[in-house]
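> this one's structure only:
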C-alpha cells in the first residue's frame, strides 16, 4: 500500500516485496511521473498518461528485475463510455 503526495518525494510502501518506496510527480493535468525504489535504488521509472478525452491511459515503464535485467514495457488501458480520472490543476496544498 502507498500513501503519499504527487510531489516527487519518496514515500514508504507496505505489502509489496518488490519496492519499499515510491514517488509520483504531477507533470501536467494528464501526466504523472513515477519511480519505485528498493534499498535506495530506482528499480522502476516511468510515466502514466491519460488522453485528453479521458478514455485511454498509457503506462510506460523501465524496470530492473531482481537479477539486474533491464526491460521496458508499455500498457494501454481503454474504456468504453467511462473516463479515467485526470489530475486537473495541482492545488497548492497538494505540492506542499
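All right, it came through fine. Because the structure is a prediction, the values reported are computed rather than measured. Numbering: from 1, shown residues only.
> Quick check: phi and psi at the residue nearest the centre of the chain.
The centroid of the chain falls nearest to residue 34 when counting by C-alpha atoms, centre = their mean (3.8 Å). Main-chain torsions, residue 34, degrees, to the nearest 10: phi -140, psi 150.
> What's opposite it in the beta bridge?
residue 24, residue 46 (DSSP bridges).
> From residue 67, how far off is it?
From residue 34 across to residue 67, the span is 22 Å (C-beta to C-beta, to the nearest Å). C-beta coordinates here come from the backbone N, C-alpha and C atoms, glycine included.
> hang on, the earlier thing: got a list of what the residue nearest to the centre of the chain touches?
Contacts of residue 34 were listed using C-beta atoms under 8 Å, 6 or more residues apart in numbering, and they are 22, 23, 24, 25, 44, 45, 46, 47, 48, 61.
> count of neighbours near the third one?
Spelled out, it's residue 24. Residue 24 sits with 19 neighbouring residues when counted by other C-beta atoms under 10 Å.
> do the one 4 residues further on as well
By other C-beta under 10 Å, the residues close to residue 28 number 11.
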